[in-house]
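Participant: The sequence isn't on hand, but the structure is:
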């Protein structure tokens, strides 16, 4: 589903596929854009939530997305033209703290970092891998694993396994129901890469395709799969498939070196680079004048 935003590198929360999924789940988004001619220069999608006495609070996650860096500066000066004055939480990407402060945003959380993996020719992707990661991939190819690539279905075992894994490891992400809905409303855009050993599943990974980008949404492995480095093999097959379909970047998610150092090391071993987001900010009418005078030492 590549529409008017096909030229923009839209992360999952800003993609048209994400909007269609939210619509199907009864949580429609509002879309805003700035165009020159027929070219979209700025694009952002707004989620709304009702929180007690505060009423409606809007959220822009990893947006706005701009065709050129200078367009983001323009957004900080003009964004209120598209909004109605409700509190706005912004998970910024590409906007610097000085710009946001001058626009009246108050800092809430320090920036997180992501692992973004460039996709392209196979030789280039292999060359970018860390040596140990590439060695494990080579070993996985000799373990007799059968890899299957299929479309996600609502009853796929991976969804149940992900829910159990999230409970066991006590993390919160998109619920499996979101992935199932994404697959239903975006046919062919939710791809499962599954590794089997003697016919028995030992690992699986779910990739969500959206415009130029794709996102590694779920990854599950059994002890047998872990012993045979099955996830390395699945991720490599996904990289090959996604690149062949025209995607140029795979989002591997948050890097949390403090709580999950092994996973962070694994992600960076693929050849991914670290992408630092801009932090979480709040625009609230009463706070805006104070935010503009906030000392620089309080900015990330």
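Facilitator: That came in fine, so what should we check first? All values derive from a computational prediction rather than experimental measurement.

Participant: Quick check: residue 289 touching residue 104?
Facilitator: Yes. Between residue 289 and residue 104 there is a contact at 7.3 Å, judged by CB atoms under 8 Å. From N, CA and C alone the C-beta is placed, and that goes for glycine too.

Participant: These two - which one has more neighbours?
Facilitator: residue 104 (20 against 9; other CB atoms under 10 Å).

Participant: The more buried one contacts residue 281, doesn't it?
Facilitator: No. Using CB under 8 Å as the test, residue 104 is too far from residue 281 to be in contact (9.6 Å).

Participant: Can you give me the buried ones in stretch 48-59?
Facilitator: Across stretch 48-59, burial judged by 16 or more other CB atoms under 10 Å covers 57, 58, 59.

Participant: which residues touch the residue of the chain most remote from its centre?
Facilitator: Largest separation from the mean C-alpha position in the chain: residue 198, at 33.3 Å (CA atoms, centre = their mean). Counting by CB atoms under 8 Å, 6 or more residues apart in numbering, residue 198 makes contact with residue 144.

Participant: any idea how far residue 18 is from it?
Facilitator: 38 Å (CB to CB, to the nearest Å).

Participant: cool, and residue 137?
Facilitator: Between residue 137 and residue 18 the distance is 30 Å, computed by CB to CB.

Participant: what do you get for residue 261?
Facilitator: Following CB to CB, the distance that separates residue 261 from residue 18 is 29 Å.

Participant: higher neighbour count, those two?
Facilitator: Taking other CB under 10 Å, residue 261 and residue 18 do not tie; residue 18 has more neighbours (24 against 11).

Participant: looking at this, the more buried one is in a helix?
Facilitator: Yes. Under DSSP: H, G, I helix; E, B strand; the rest coil, residue 18 falls within a helix.

Participant: For it, give me the pLDDT.
Facilitator: Listed pLDDT for residue 18 reads 97.

Participant: Surely it is in contact with residue 45?
Facilitator: Yes. With the criterion set as CB under 8 Å, residue 18 and residue 45 qualify as a contacting pair; they are 7.2 Å apart.

Participant: Mutual contacts of those two, please.
Facilitator: Listed as contacting both residue 18 and residue 45 by CB under 8 Å, 6+ apart are residue 29.
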